[in-house]
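Participant: using only what follows, build the 3D model:
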Amino acid sequence: MKIVFICFYEAYPPVSGAASVTLNVAKYAHGERFLIQLGTGDRPAVAKDGVKVITLAGAADSRLRKMAGLRSRIERIAEMLKNISPDVVILEGASWVVYHWLLLRKIRQELPAAHVIYHSHNVEYYLRNEKHGRIVTMLTKWAEGKILHYADLSFAVSEVDSNQFEKLYGVRPHILPNGVDEEMFDRVSESEMLSAKSKYGIGDKAILFMGSYLYKPNREAIDFLVESVMPEVVGRCKDAQLVVIGGDVPFSKPWLLNPGCIPHGQVPALSKTCQVGVAPIFSGSGTRLKILEYMAAEIPVVSTSKGAEGLNVIAGKNVLIADELLDFAMGVVGLLNDRGFAATIAEKGRGIVNLHYSWGIIMERFNREMTALGVGSNGTF
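Facilitator: Residues are numbered from 1 along each chain as shown. Next up, the predicted model:
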């Protein structure tokens, strides 16, 4: 069976949560796998973990240039699909769903025998409704409904998202949860951790946040941490540091470390040098990959209810949940000061990853489900 994954962003090399999800789903799927992605320019095809990665120019374009060049890109993707002749095409839904709907229509015209799966990373209607005007929001809702009805199969990252899709569109997707490559974290050596501490100036009371400031839910979280949480924490733990990775932030504080976007391979070592992972998320959709990566790194997590939404966690047992400023700050302080309590939360968090969120386990279920639904070696339903 030939499977082609398509994303309108750069999944390889991964520099975001969406990229990591796409790359790992492709890595663990069964069959001959291809990944067509938009990048900063056309690049020769490369092989990564058994996946042939094909990169087309377009990811760095402005929104207007993306729209202007959309037709030609869809034509190029369709031409590549015809050359590959896939049994299954998986649309990776971490971009504007209108792009995917236009591509789906083209695939139906050019490759009528191919089965199309929509892998949603979130309920996009809710994301657009939070940050865009009525026209973009309603266009998103229209396209999202269309693609859910006309794709052969669709997947959501959690029961929460699946319920929301059903309420909005009358379609209930199957579940393909976000996961984490826990082996990457297990391979980290003591020397790599020491190197990360030295390189980035990380001390013994470091609080980690992963996420780009360009994304609204992350921007809200970073603002909350810098302006509200950390003054409370530093007042009680003078050596505390906030480490923010995933891009530059517009703050300069003596306790703030902001290495920006670090290479994907260095994330596990840096994560394991920190003492607490935080996710004060108040908006958005989908599930937070950062929480799973904190847990894989065996550091305890403090999150808001929204941040932990859709994950199989229990407040007070394998994660701390706090929605108010002082509760959140005191949760962080408690973990910094009580290493025994922190170790217990971290151990139970890692157990959740091992049971439910290892990519190997997730994709075993996915591959079995695909077979049960009739997607076999001949690519038929």
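
Participant: can we go C-alpha only for contacts and neighbour counts from here?
Facilitator: OK.

Participant: for the chain, which segments count as strands?
Facilitator: 2-7, 32-39, 43-48, 51-57, 88-93, 115-120, 153-156, 174-175, 206-210, 241-245, 256-260, 276-279, 301-303, 320-321 (DSSP state E).

Participant: show me the shaky parts of the stretch 1-150 of the chain.
Facilitator: By pLDDT under 70, the low-scoring segments of the stretch 1-150 of the chain are 59-64, 66.

Participant: got it, and the stretch 251-381 of the chain?
Facilitator: 373, 375-381.

Participant: next, the contact list for the closest residue to G260 other than its chain neighbours, please.
Facilitator: Spatial nearest neighbour of G260, excluding adjacent residues (C-alpha to C-alpha, 6 or more residues apart in numbering): G247 at 3.9 Å. Neighbouring residues of G247 by C-alpha atoms under 8 Å, 6 or more residues apart in numbering: 211-213, 258-261.

Participant: and for A315, the neighbour number?
Facilitator: 13 (other C-alpha atoms under 10 Å).

Participant: which phi and psi does the nearest residue to V160 once chain neighbours are set aside have?
Facilitator: Nearest residue to V160, sequence neighbours excluded (C-alpha to C-alpha, 6+ apart): G310, at 5.6 Å. Torsion angles at G310 (phi, psi; degrees, to the nearest 10) stand at phi 80, psi -10.

Participant: so G310 is in contact with S285, correct?
Facilitator: No. With contact defined as C-alpha atoms under 8 Å, G310 does not count as touching S285 (9.4 Å).

Participant: now the closest residue to I281 other than its chain neighbours: how far from D323?
Facilitator: Spatial nearest neighbour of I281, excluding adjacent residues (C-alpha to C-alpha, 6+ apart): G307 at 4.6 Å. Computed as C-alpha to C-alpha, to the nearest Å, the G307 to D323 distance reads 10 Å.

Participant: give me the common contacts of the two.
Facilitator: Common neighbours of G307 and D323 (C-alpha under 8 Å, 6+ apart) are P280.

Participant: of these two, who's got more company?
Facilitator: G307 (28 against 16).

Participant: contacting residues for that one?
Facilitator: 279-282, 287-288.

Participant: right, and S305 touches V319 too?
Facilitator: No. S305 lies out of contact with V319 (C-alpha under 8 Å); the separation is 10.5 Å.

Participant: any idea how far the residue nearest to G260 is from D186?
Facilitator: 25 Å.

Participant: next one: L242
Facilitator: L242 is 24 Å from D186, by C-alpha to C-alpha.

Participant: neighbour count: these two, which is higher?
Facilitator: Neighbour comparison, L242 and D186: the larger count goes to L242, with 27 against 14 (by other C-alpha under 10 Å).

Participant: beta partners of the more buried one?
Facilitator: Beta-bridge partners for L242, by DSSP bridges, are I207, L256.

Participant: what's the spacing between it and I291?
Facilitator: In terms of C-alpha to C-alpha, L242 sits 16 Å off from I291.

Participant: dump the contacts of G307 to a markdown table, plus distance to E347 and neighbour count.
Facilitator: A markdown table is the format used below for those (distance: C-alpha to C-alpha, whole Å; neighbours: other C-alpha atoms under 10 Å):
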| residue | distance to E347 | neighbour count |
| --- | --- | --- |
| A279 | 18 | 27 |
| P280 | 21 | 28 |
| I281 | 23 | 23 |
| F282 | 26 | 18 |
| T287 | 21 | 24 |
| R288 | 19 | 21 |
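
Participant: so who does the nearest residue to H174 once chain neighbours are set aside touch?
Facilitator: Leaving aside its sequence neighbours, H174 sits nearest to F155 (C-alpha to C-alpha, 6+ apart; 4.7 Å). Going by C-alpha under 8 Å, 6+ apart, F155 touches 117-120, 162, 173-176.

Participant: do that again at 6 Å, thanks
Facilitator: By C-alpha atoms under 6 Å, 6 or more residues apart in numbering, the contact list for F155 reads 119, 173-176.

Participant: now render the residues you listed as TSV, adding distance to N218 and neighbour count.
Facilitator: Shown next, in TSV, are these (distance: C-alpha to C-alpha, whole Å; neighbours: other C-alpha under 10 Å):
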residue	distance to N218	neighbour count
H119	22	25
P173	26	23
H174	27	17
I175	24	20
L176	23	20
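
Participant: for those residues, which one is nearest F5?
Facilitator: Nearest to F5 among those: H119, at 9.7 Å, using C-alpha to C-alpha.

Participant: what sits against the closest one?
Facilitator: Here H119 is in contact with 91-93, 154-155 (C-alpha under 6 Å, 6+ apart).

Participant: any idea how far P268 lies from I362?
Facilitator: P268 is 20 Å from I362, by C-alpha to C-alpha.

Participant: among those two, which residue is more densely surrounded?
Facilitator: P268 (24 against 20).

Participant: that one against F185, yeah?
Facilitator: Yes. Using C-alpha atoms under 6 Å, P268 is in contact with F185, at 5.1 Å.

Participant: what pairs with S120 across the strands?
Facilitator: G93.

Participant: just the endpoints, please. Distance across stretch 341-360?
Facilitator: With C-alpha to C-alpha applied, stretch 341-360 spans 29 Å between its terminal residues.

Participant: now do the buried residues in it.
Facilitator: 342-343, 345-354, 356-360 (16 or more other C-alpha atoms under 10 Å).

Participant: go on, stretch 247-257?
Facilitator: Buried, per 16+ other C-alpha under 10 Å, within stretch 247-257: 247, 249, 255-257.
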